[in-house]
Each structure stands twice: as structure tokens, then as C-alpha cells.
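Visitor: dropping a prediction and its sequence here:
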Amino acid sequence: MRIGEASDGYAAYLSAVRRLSPATVRAYRSDLADLEACAGDVELGDVTLETLRDWLWQDLQRGISRATAARRTAAVRGFFGWAADTGLTTSDPSLRLVAPKRGRTLPTVASADAVAGMLEDLAGRAADGDPLLLRDLAILELLYAAALRVSELCGLDVEDIDRERRTLRVTGKGAKERVVPFGGAAARALDAYLVRARPALDNGTTSGRAVFLGPRGGRLGPRTVYAVVSRELSAVVSAETVGPHALRHSAATHLLEGGADLRAVQEMLGHASLGTTQIYTHVSGDRLLAAYRLAHPRA
């Protein structure tokens with residue numbers, strides 16, 4: 001079987017069996033299409049380790065990042081491993097393919113005071129009842145309070161909210177559901193939006209049960225959320241690009257700085273690996289130093 005045909009089958013496997021997100025499947029499919037463009041639509045058995053090394057080398061010469069190169073390495077490893085397991089090829093040339101080491105990029109984090117100031121400023125502007133400002137305030141409060149991914153926020157339906165217990169049922173990566181809490185400030189902003197703003201935005205035809213709506217009544221999309229976060233958060237965070245993940249990063253960091261257990265934060269964020277959550281511990285050095293000075297007899 002040739003690369004192109006096998007790639008289509010692998011993409012279907014990733015979607016139906018592995019249940020990876022559509023964005024991840026598209027990224028892997030794009031990586032394999034790039035390999036096909038480099039090697040040609042040859043038989044799987046004609047692809048060698050040198051073919052794969054040459055492909056990655058050409059990509060690096062074009063200026064792709066090490067993180068992208070690492071993802072492409074993972075894509076071809078998974079692809080050829082699947083092809084070997086299903087009998088499409090008798091050899092796996094990717095077994096000895098080494099990915100370039102990634103440089104660790106620390107997440108953008110706003111201070112707790114900066115986030116509080118941003119939310120208070122927006123609350124003041126939304127006090128006159130503007131539906132879009134009330135919606136934006138609820139979006140920012142929930143992103144920060146519950147450390148949500150943008151896809152999880154946009155996918156929220158009304159029945160996913162337990163207003164009495166202050167919890168949300170969200171669907172994360174791999175279609176995995178989890179329940180996350182949110183605090184009093186987010187609850188007040190959400191109640192104000194649901195009671196005073198959402199009815200004004202709902203045209204009764206396209207929204208369904210979506211919590212957050214656009215000006216035409218449809219379910220709010222990630223691009224609008226990115227624009228809202230960038231507009232409000234860029235004033236308090238010095239970074240070239242600021243998106244919803246900055247609030248997620250900030251929430252995780254502030255939880256750890258406040259003494260939250262690492263595994264509890266992992267559960268809240270929906271991380272499959274504790275190692276993914278540990279990146280947030282880099283900003284908790286002050287807390288560690290303070291604990292050391294209080295607890296160690298020779299501090």
C-alpha cells in the first residue's frame with residue numbers, strides 16, 4: 001500500500017479508535033502529507049530510515065521549530081507502528097528515528113493582582129448591562145476560575161452547569177469528561193450573563209443549548225474567545241500573543257502557589273500525565289523557599 005492511501009486509513013483510525021481531537025488528526029495528516037510530498041507516493045516498504053531522516057532534515061532547514069519536528073517524528077512513528085500492526089508493511093523504518101530535543105517554553109502567566117484588576121475593570125464596564133460585555137466577563141471569569149481550554153468553554157451547554165454546586169461538566173481532549181469547580185466571582189458573572197444577557201442574544205433558532213452565544217445567536221466560536229481574551233489580557237501581560245491558554249496557565253500557577261496539591265491540579269486541568277502539570281511548578285519557587293525557611297531546622 002502507498003503512503004497516501006495508508007495515511008487516510010491512519011487518520012480514520014486516530015479519529016474512530018484513538019478518539020483524538022479533529023485538530024490533532026488534521027495535524028498528523030498534514031505531517032504525513034508532507035512526508036509524501038518529500039518521498040513521493042511510494043509503497044510503505046520503500047520508505048527507509050534515511051528517507052525519514054532526510055525529510056526531517058529538510059524541514060529543519062526550512063525553519064520549522066523543534067517542537068514541530070518532534071510532533072512530526074511522533075506522527076510517523078505512530079503511523080508506521082500502526083501500519084506494521086495491521087500488516088500493511090513488514091518493517092518499521094521509524095524505530096530508530098530520533099526526534100530533536102524540544103526547548104521547554106514556559107507558559108505565559110499573569111499575576112493574580114493583574115488578573116483581578118482586569119476582571120474588575122471589565123465588571124465596571126459591564127455594569128450598565130451591555131449583553132456582550134456581560135458575556136465577555138462571564139467568559140473570562142470561567143476560563144480563569146475553572147482553568148478551561150477554549151474548546152471546553154465553547155462546548156458548554158446549559159445543562160452542563162450545576163449552579164447550586166458551582167461545577168461544570170466539560171468534555172476535554174479525547175472526548176474525556178470531567179467535572180470542575182468554579183468560585184463565587186465566576187458564579188455571579190455567569191448568573192448575570194444567563195439572566196440578563198443570554199436571553200437578549202438568543203434568537204431561538206441556532207443556539208440550541210449552548211451557554212455562550214455570539215451576536216447572531218449561534219454558539220460562540222474559539223476565534224471570538226481568543227479576540228476577547230487578547231483584548232482584555234494584553235494590557236496586563238507582556239507577550240506578543242495572548243490567548244485563552246494564558247488564563248488557564250495563570251489559574252494552574254496560582255492554584256499551586258496557593259498550596260493546591262499537584263495531583264488535584266492535574267485532575268482539574270484534565271492532564272493525562274502528571275509531567276504535563278509539573279511545568280507550572282517553575283513559578284512556585286517563592287512558595288517552596290518560604291516553606292523551606294519555615295520548616296527546615298537549619299534554614
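Guide: Structure received. Numbering: from 1, shown residues only.

Visitor: show me the shaky parts of this protein.
Guide: Applying pLDDT under 70 to the chain flags residues 100-107, 204-207, 238-241, 275-292, 294, 296, 298-299.

Visitor: ok, the residue nearest to the spatial centre of it to residue 126 distance?
Guide: Taking Cα atoms, centre = their mean, the centroid of the chain lies closest to residue 149, which sits 4.9 Å from it. For residue 149, the distance to residue 126 (Cβ to Cβ, to the nearest Å) stands at 24 Å. Any C-beta I mention is one placed from the backbone N, CA and C, and that applies to glycine too.

Visitor: before we move on, what about residue 90?
Guide: 63 Å.

Visitor: who has more neighbours, these two?
Guide: Under the neighbour definition other Cβ atoms under 10 Å, residue 90 and residue 126 were set side by side, and residue 126 has more, 22 against 9.

Visitor: residues contacting the more buried one?
Guide: 133, 134, 136, 137, 192 (Cβ atoms under 8 Å, 6 or more residues apart in numbering).

Visitor: need the helices for this protein, in chain order.
Guide: Along the chain, counting by DSSP state H, helices occupy 3-16, 22-39, 49-61, 66-85, 112-126, 131-146, 150-154, 184-192, 198-201, 222-233, 244-257, 262-269, 274-277, 285-295.

Visitor: and the fifth one, how far out from the chain middle?
Guide: Right, helix 112-126. 24 Å (Cα atoms, centre = their mean, to the nearest Å).

Visitor: wait, residue 267 touches residue 181, no?
Guide: No. If you go by Cβ atoms under 8 Å, residue 267 and residue 181 don't touch, sitting 10.9 Å apart.

Visitor: now the residue lying closest to residue 152 once chain neighbours are set aside: how far from residue 211?
Guide: Nearest residue to residue 152 in three dimensions, chain neighbours excluded: residue 170, at 4.1 Å (Cβ to Cβ, 6 or more residues apart in numbering). Plainly put, residue 170 is 11 Å away from residue 211 if you go by Cβ to Cβ.

Visitor: over to residue 97?
Guide: 44 Å.

Visitor: okay, the two: which has more neighbours?
Guide: residue 211 (25 against 18).

Visitor: residue contacts, the more buried one?
Guide: If you count contacts by Cβ under 8 Å, 6+ apart, then residue 211 has 156, 157, 158, 160, 161, 194, 198 around it.

Visitor: again with residue 9
Guide: Per Cβ under 8 Å, 6+ apart, neighbours of residue 9: residue 88.

Visitor: same check on residue 193?
Guide: Per Cβ under 8 Å, 6+ apart, neighbours of residue 193: 134, 135, 137, 138.
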